[in-house]
Each structure stands twice: as structure tokens, then as C-alpha cells.
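> return atomic coordinates for the entry below.
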Amino acid sequence: MDFNLSREHQLIRKMMAEFTEKEVKPNAGSDASKGQTEAKLVGDHYVMNGSKIFITNGYVADVFVVFAMTDKTRGTKGISAFIVESGFPGFSVGKLFTSEHAMKTTTKVVQLFGGYGYTKDYPVERMMRDAKITEIYEGTSEVQRIVISANMGL
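Predicted structure coming up:
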């Protein structure tokens, strides 16, 4: 924990981490060799399967470099880098998941703080507003579901 944070801020970070850990279990962090994302060659393109929890500047980026395992038998030499654009199929699924997870987590934290969770005295209030806007911008969660179902042919 950061020692320059107030006791309340440390408590908030601890609670957010505990809720997130229960819902999403990151296994790799910054260690690319521990990543579980895989990419398989299907015809003339790769299909990726995996997830990423923290992406620096991910909310403003349009293009990402994603590392994925293409050959497990080669260990770390079997990791390949891919250029992925935010418009690629599957990205609307990730946006939906992360925005709804952020809202679910911050709602639990605000509930723990009671009325104080709504005051600007604690950063929880801002975190909940930030989480809510991710369900709205770039298409509401409902629109994201329509896009996903259309891409699935439903």
C-alpha cells in the first residue's frame, strides 16, 4: 500500500482490490510469460482468446499491441505480438464486461461506505461516477449487447 495515502484511501484501495480479486483473477500482471491469452491460426487469420485487466491509457487508445501464446511448446519463445484495433470483433464484448464489472465493484464499495460513499470527502464517489460513464460512452451497455449479438448472428 502507498504510505502517503490517508487511512481511508488505503481502506478503499484494499476493498476495491478484494472485490476485484474475487471477480477477476489476474494471473500474469506485467509478466508476459505468465499470460494465458492464446492465439490460434484459423485459415488466414488468428483468433485470440483471453483477457487483460489493466491497460495503461486503454480508455483512449484505438490500437493495442497484444501478446498471446501461439506455441506453448516453445515456452516464452512461443509468445507473439499482435496489433489489435478497438473495432475488431470481440472488443465490444470486452468493453461491456469491464464497464459492468467496474460498476458492480464500485456499487459494493459505496454500499460499504454508506452515506459517506456519496460525499466528495472520499474518492469512492468519483470512482463510481467514472465507472458509470463507461457504461454510457462509446455506446451504452444495451447498444454493446446489440452489437455483440449482431456479430454472433443472433
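> and the helices in the protein, which stretches?
Applying DSSP state H to the chain gives helices spanning 7-23, 91-113, 124-134, 141-151.
> wait, which of these is closest to Phe67?
With distances scored as Cβ to Cβ, the stretch of those nearest to Phe67 is helix 91-113 (15.7 Å). Just so you know, the C-beta spots here come from the backbone N, C-alpha and C atoms, and that holds for glycine as well.
> so which of the helices of the chain gets nearest Gly50?
Closest among those, once you apply Cβ to Cβ, is helix 91-113, at 10.1 Å.
> what residue in this protein is the furthest from its centre?
Gly43 (28.9 Å; Cα atoms, centre = their mean).
> relative to Gln36, how far out is it?
Separation of Gly43 from Gln36 (Cβ to Cβ, to the nearest Å): 24 Å.
> over to His101?
Counting by Cβ to Cβ, the gap from His101 to Gln36 is 18 Å.
> pLDDT weak spots in the protein?
Confidence mapping of the chain against pLDDT under 70 gives the ranges 1-33, 52-54, 56-59.
> could you rerun that using 50?
1-4, 18-25 (pLDDT under 50).
> chain center to stretch 95-103: distance?
7 Å (Cα atoms, centre = their mean, to the nearest Å).
> for that stretch, which positions count as buried?
Buried positions in stretch 95-103, judged by neighbour count with 16 or more other Cβ atoms under 10 Å: 95-96, 98-99, 101-103.
> how about the backbone phi and psi for the nearest residue to Gly50 once chain neighbours are set aside?
Spatial nearest neighbour of Gly50, chain neighbours left out: Thr37 (2.6 Å); criterion: Cβ to Cβ, 6 or more residues apart in numbering. Recorded main-chain torsions at Thr37 are phi -70, psi 130, according to degrees, to the nearest 10.
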